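Undergrad: have a look; sequence and predicted model below, questions after that.
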Amino acid sequence: MFRTALLRTARSAASKAVHRPAAIARPIAPSSLITKSQFAPSAFQAARCYSAAAGLEKKEVEGRILSLLNNFDKVSDPTKLSATAHFSNDLGLDSLDTVEVVMAIEEEFSIEIPDKDADAILSVDQAVEYILHQPDAH
């Protein structure tokens, strides 16, 4: 019985294999987009090297921070904005506003300022100097 089932299965598999159309082997058509040299290994491999982006300029950092402060609605007198303006004495910002300004500076330059360093930033020139010393700022 087992032998009969095995023979039937083998016969049906063989007959299906005979009736299947064979795959046709076709040559690969040359493409104008792909050249043979792209796939063939070459004796010389060129490597591109890129340098790091240029650092931020002091004028650029200063301008971006002053623009940020100019758009900050809690600055009491925008005419007092300068490169040496103190956040609380000149611009009338309290400690919470100063924290918001430092957070806005973090977002502007895509960096994270530790709390210890953030507490030391109390004026525009201190913020500019801090940003200039950060290699990740951009």
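TA: Everything's here; your move.
Undergrad: what about this protein, any weak spots by pLDDT?
TA: For the chain, the stretches with pLDDT under 70 are 1-3, 5-7, 10, 12-47, 49-53.
Undergrad: now do the strand or helix carrying Q126: which elements does it pack against?
TA: Assessed by DSSP states H and E, Q126 sits inside helix 124-132. Judged by 3 or more C-beta pairs under 8 Å, 6 or more residues apart in numbering; DSSP states H and E, the packing partners of helix 124-132 are helix 58-70, helix 95-109, helix 115-120. Every C-beta, even on glycine, is put in place using the N, C-alpha and C of the backbone.
Undergrad: what residues does the nearest residue to D136 once chain neighbours are set aside make contact with?
TA: Nearest non-adjacent residue to D136, counting by C-beta to C-beta, 6 or more residues apart in numbering: I111, 5.6 Å away. For I111, the contacting residues are I131, Q134, D136, A137, by C-beta atoms under 8 Å, 6 or more residues apart in numbering.
Undergrad: swap the cut-off to 7 Å and go again
TA: In this structure, I111 makes contact with Q134, D136, A137, judged by C-beta atoms under 7 Å, 6 or more residues apart in numbering.
Undergrad: give me phi/psi at it?
TA: Backbone geometry at I111, expressed as degrees, to the nearest 10, gives phi -130, psi 170.
Undergrad: ok, back up a step: export the helices and strands packed on helix 124-132 to JSON lines and tack on mean neighbour count?
TA: Compiled in JSON lines, these are given as follows (neighbours: other C-beta atoms under 10 Å):
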{"stretch": "helix 58-70", "mean neighbour count": "16"}
{"stretch": "helix 95-109", "mean neighbour count": "16"}
{"stretch": "helix 115-120", "mean neighbour count": "12"}
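Undergrad: quick one: closest of these to T4.
TA: With C-beta to C-beta as the criterion, T4 lies closest to helix 95-109 of those, at 79.2 Å.
Undergrad: helices or strands up against the closest one?
TA: Judged by 3 or more C-beta pairs under 7 Å, 6 or more residues apart in numbering; DSSP states H and E, helix 95-109 is in contact with helix 58-70.
Undergrad: please consider this matter closed, and thank you.
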